[in-house]
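1. Model the structure of this input:
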Amino acid sequence: MIPVGNPAVGKDFIDREKEISFILSTLEKDSILLIAPRRFGKTSIMRKVEKELSDKDEICVFLEVEDVNSPHRFISEIVMALIENEKIEQRTKLIPVFKSVFSWSKENIEEIGISVFKAKLRGNIKKDLEDNWIDKSAQIFDVINEADSNIYFIFDEFPIAIDKMDQKDAEEFLHWFRKLRQVSPDLRFIVGGSVSIDRVVRDVGGVSVINDFKRVRVGGFQKQIAIDLIENAFHEERWTYAPSYGDKILDCIGEPYIPYFLAIMLSSIKEEIILTDGKIDDESIEKIYNFRILGNEGKHYFEHYSQRLRIFYGDMEEKAARAILKNVCNVDFYSIELAFGIFKNETANDDYEKFMDLIADLSNDFYLEHDPENGLKFYSKMLQDWWRIYHGEV
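-> Residues are numbered from 1 along each chain as shown. Got it, this is the predicted structure:
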């Protein structure tokens, strides 16, 4: 059974061989921007890449940076991860340099495994970096760049960290980060985000500060993979399976076959069987979708899509986005010209470029797709069905 919400690791990690292979081959020359909303499998892919690189004896540092809110905090988290990485100590002179340059290194770094010491060390590193973090981080990366192999850094939820920084700090950090990539030929970065990084950086340095990344967009499963996954879940739970059940589940979800949405369907079927001793057939699957998932008890599955607009979009952007989504969710396709009219009405702004920036953000955040011939449509049928019920009154 696919885990609902948590990253899939080990035997739970399904498919994605093509994405993993593409990422690993791309890393030979480029850093990567991995784009997907929450629960599409982004973190699972990043963790799988980390394991693949580690299994090849490469140096790989993984950081989840959603709680980071300043450049010096970001660098301090990198330093902590480096100290804890055994391969760094074996292949670089980083630890001796730490001890000779930084005041916090007077602590016994070898005691990093002790939780109390780790918390103290993290606080000391952060405090030391507060003043002149750019020069001090340059010293750190000068040593890292002397390593005899590539070093891979994986940053999950990077756009959220940038969004939490003060605008001046964010702009300074993004320019520093771009320069670091330019002068570090043996460093590779995989940067992931569940919100549109273009929207986040647009006002703090512009998209040019990230245009050297190779973009990899995480979509849904291929149909046969999704069918196989459903069938395996039925067999694992010892439920009777018929091919029509898989087709019915995929009809409810609609393309693309998103891992999180598949997990919701299978979890809801399990609840129905356990709680009601129900029997599974095509009709019951349809009822489970309409009542357990789209009904009140399933509302929480998608509420973060609505909350994300409030958290990560400006007031006028949010207002215009909600008005556009409200109209698009009720039709198969919605005219881009009509959407522009909504934008002008909600924002009192007739700047078409600003409007298209908003459409790009809604696309990058996987709400909408823009078909130049037909107009706007929801990215996912399941999300469209939910949005129409709870936010689509006209």
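
2. Tell me, please, where in the stretch 101-250 of the chain the pLDDT is lower than the cut-off.
-> Scanning the stretch 101-250 of the chain for pLDDT under 70 picks out the ranges 101-118.

3. Would you mind confirming that N150 makes contact with L187?
-> Yes. Between N150 and L187 a contact is recorded at 7.3 Å, counting by Cβ atoms under 8 Å. Just so you know, the C-beta spots here come from the backbone N, C-alpha and C atoms, and that holds for glycine as well.

4. okay, the two: which has more neighbours?
-> Comparing N150 with L187 by neighbour count (other Cβ atoms under 10 Å), the higher total belongs to L187, at 18 against 15.

5. what sits against the more buried one?
-> L187 makes contacts with F141, I144, N145, N150, I151, Y152, F153, L180, R181, as judged by Cβ atoms under 8 Å, 6 or more residues apart in numbering.

6. ok, now how distant is it from K223?
-> According to Cβ to Cβ, to the nearest Å, L187 and K223 sit 38 Å apart.

7. now swap in D212 and tell me
-> 34 Å.

8. Repeat that for S137.
-> S137 sits at a distance of 46 Å from K223 (criterion: Cβ to Cβ).

9. These two: who's more crowded?
-> A side-by-side neighbour count of S137 and K223, using other Cβ under 10 Å, places S137 first with 22 against 14.

10. any idea which element the more buried one lies in?
-> helix 133-144 (DSSP states H and E).

11. For that helix, buried residues please.
-> Buried residues in helix 133-144, counted by 16 or more other Cβ atoms under 10 Å: W133, K136, S137, I140, F141, V143, I144.

12. Could you do stretch 205-221 as well?
-> For stretch 205-221, a neighbour-count test (16+ other Cβ under 10 Å) marks G205, V209, I210, F213, V216, V218, G219, G220, F221 as buried.

13. How far does it sit from its chain's centre?
-> 12 Å (Cα atoms, centre = their mean, to the nearest Å).

14. again, but for stretch 180-195
-> Counting by Cα atoms, centre = their mean, stretch 180-195 comes out at 15 Å from the chain centroid.

15. could we number from 11 for the rest of this?
-> Got it, first residue is 11 now, which makes that one stretch 190-205.

16. first vs last residue of that stretch, how far apart are they?
-> Stretch 190-205 has an end-to-end distance of 24 Å (Cα to Cα, to the nearest Å).

17. Now that stretch: buried residues?
-> Buried residues in stretch 190-205, defined by neighbour count with 16+ other Cβ under 10 Å: L190, R191, S194, L197, R198, F199, I200, V201, G202, G203, S204, V205.

18. Save these as a markdown table, and put in distance to E363 and secondary structure too.
-> Below are these laid out as a markdown table (distance: Cβ to Cβ, whole Å; DSSP: H, G, I helix; E, B strand; the rest coil):
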| residue | distance to E363 | secondary structure |
| --- | --- | --- |
| L190 | 30 | helix |
| R191 | 28 | helix |
| S194 | 34 | coil |
| L197 | 34 | strand |
| R198 | 33 | strand |
| F199 | 29 | strand |
| I200 | 30 | strand |
| V201 | 26 | strand |
| G202 | 27 | strand |
| G203 | 23 | strand |
| S204 | 25 | coil |
| V205 | 21 | coil |
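
19. In CSV: those residues, plus distance to C70.
-> Listed next are the buried residues of stretch 190-205 as CSV, based on distance: Cβ to Cβ, whole Å:
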residue, distance to C70
L190, 17
R191, 17
S194, 15
L197, 12
R198, 9
F199, 11
I200, 9
V201, 14
G202, 14
G203, 19
S204, 21
V205, 24
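
20. so how far is D166 from L44?
-> For L44, the distance to D166 - Cβ to Cβ - is 9 Å.

21. okay, the two: which has more neighbours?
-> Counted by other Cβ under 10 Å, L44 and D166 do not tie: L44 has more neighbours, with 26 against 22.

22. if I pick the residue nearest to the more buried one when sequence neighbours are not counted, what's in contact with it?
-> Spatial nearest neighbour of L44, excluding adjacent residues (Cβ to Cβ, 6 or more residues apart in numbering): G202 at 4.1 Å. By Cβ under 8 Å, 6+ apart, G202 lies in contact with L43, L44, I45, A46, K52, T53, M56, I164, F165, D166, E167, F168.

23. May I ask which of those residues has the most neighbours?
-> F168 (28 neighbours).

24. Now that residue: closest residue in space that isn't a chain neighbour?
-> Leaving aside its chain neighbours, F168 sits nearest to V201 (4.5 Å; criterion: Cβ to Cβ, 6+ apart).

25. same thing with I352?
-> Among residues not flanking I352 along the chain, A333 sits closest, at 4.9 Å (Cβ to Cβ, 6+ apart).

26. what about that neighbour, which SS state?
-> Taking DSSP: H, G, I helix; E, B strand; the rest coil as the rule, one finds A333 in the helix state.

27. OK, contacts around it?
-> A333 makes contact with I352, N355, E356 under the criterion Cβ under 8 Å, 6+ apart.

28. isn't the last one right up against K329?
-> Right, E356. Yes. In this structure, E356 is within contact of K329 by Cβ under 8 Å, at 4.9 Å.

29. Among the contacts of G202, which are located in helices?
-> Of the contacts of G202, the ones assigned to helices by DSSP state H are K52, T53, M56, F168.

30. May I see those arranged in JSON lines, with distance to S86 as well?
-> Output for these, formatted as JSON lines (distance: Cβ to Cβ, whole Å):
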{"residue": "K52", "distance to S86": "24"}
{"residue": "T53", "distance to S86": "22"}
{"residue": "M56", "distance to S86": "21"}
{"residue": "F168", "distance to S86": "16"}
